[in-house]
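[1] could you work out the structure for the sequence below:
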Amino acid sequence: MRLLIVADTHLPPRAKALPDQVWREVDAADVVVHAGDWVEVALLDELEARSKRLIGVWGNNDGADLRARLPEIARAELGGVRLAVVHETGGKQGRERRCDERFPDTDVLVFGHSHIPWDTVTPNGLRLLNPGSPTDRRRQPFCTYQTAGIRDGELCDVALHELPLRR
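    Residues are numbered from 1 along each chain as shown. Model prediction:
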């Protein structure tokens, strides 16, 4: 199973559209995971139409229209992996402890908000993934997204992808 992991797309204020490279990943993915801050509902509609399966949550920049269609926390079992998705986990100090406490029955937690890529494992074995943002790099050198696989009940092949700088 192939996953595409994105967050903080902020369309349209940060970009007019997702980069073509990300749309190619949407087409290749079995599951697209979006960890919030869509901003406008049009991208949700596009991803629902184009994705084989979409798992998403709303973020702090998402209004009532997105909050009506998306949960604050999404949970799914994917090929034996217990996945949770949330937009915010708080500051980086103490993140692993907070996430272990808040998501005890989860194998992988995808989050966004910071626009800073993150890939760590907590003391209790919870994998924490933040894909950064494919449209708003803020203080990061590149816009980014992640891909991963699930094979034999395990998350595998997690990769962070950098996007070319827009002109």
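[2] low-confidence ranges, the chain, go.
    Judged by pLDDT under 70, the chain has its weakly predicted residues at 167.
[3] all strands for it, in order.
    For the chain, the strands defined by DSSP state E cover 2-6, 31-34, 54-56, 73-78, 81-86, 108-110, 118-121, 127-130, 144-151, 154-162.
[4] ok, now how distant is R138 from H161?
    R138 sits 17 Å away from H161 when distances are taken as Cβ to Cβ, to the nearest Å. In this view, the C-beta of every residue, glycine as well, is placed from N, C-alpha and C.
[5] equivalent analysis for P117, please.
    As judged by Cβ to Cβ, P117 and H161 stand 10 Å apart.
[6] find residues that contact each of the two.
    Listed as contacting both P117 and H161 by Cβ atoms under 8 Å, 6 or more residues apart in numbering are T144, Q146.
[7] right, and the strands of the chain - which one's nearest E25?
    Checking these against E25 by Cβ to Cβ gives strand 2-6 as the closest, at 4.6 Å.
[8] so V31 makes contact with L78?
    Yes - using Cβ atoms under 8 Å, V31 is in contact with L78, at 6.2 Å.
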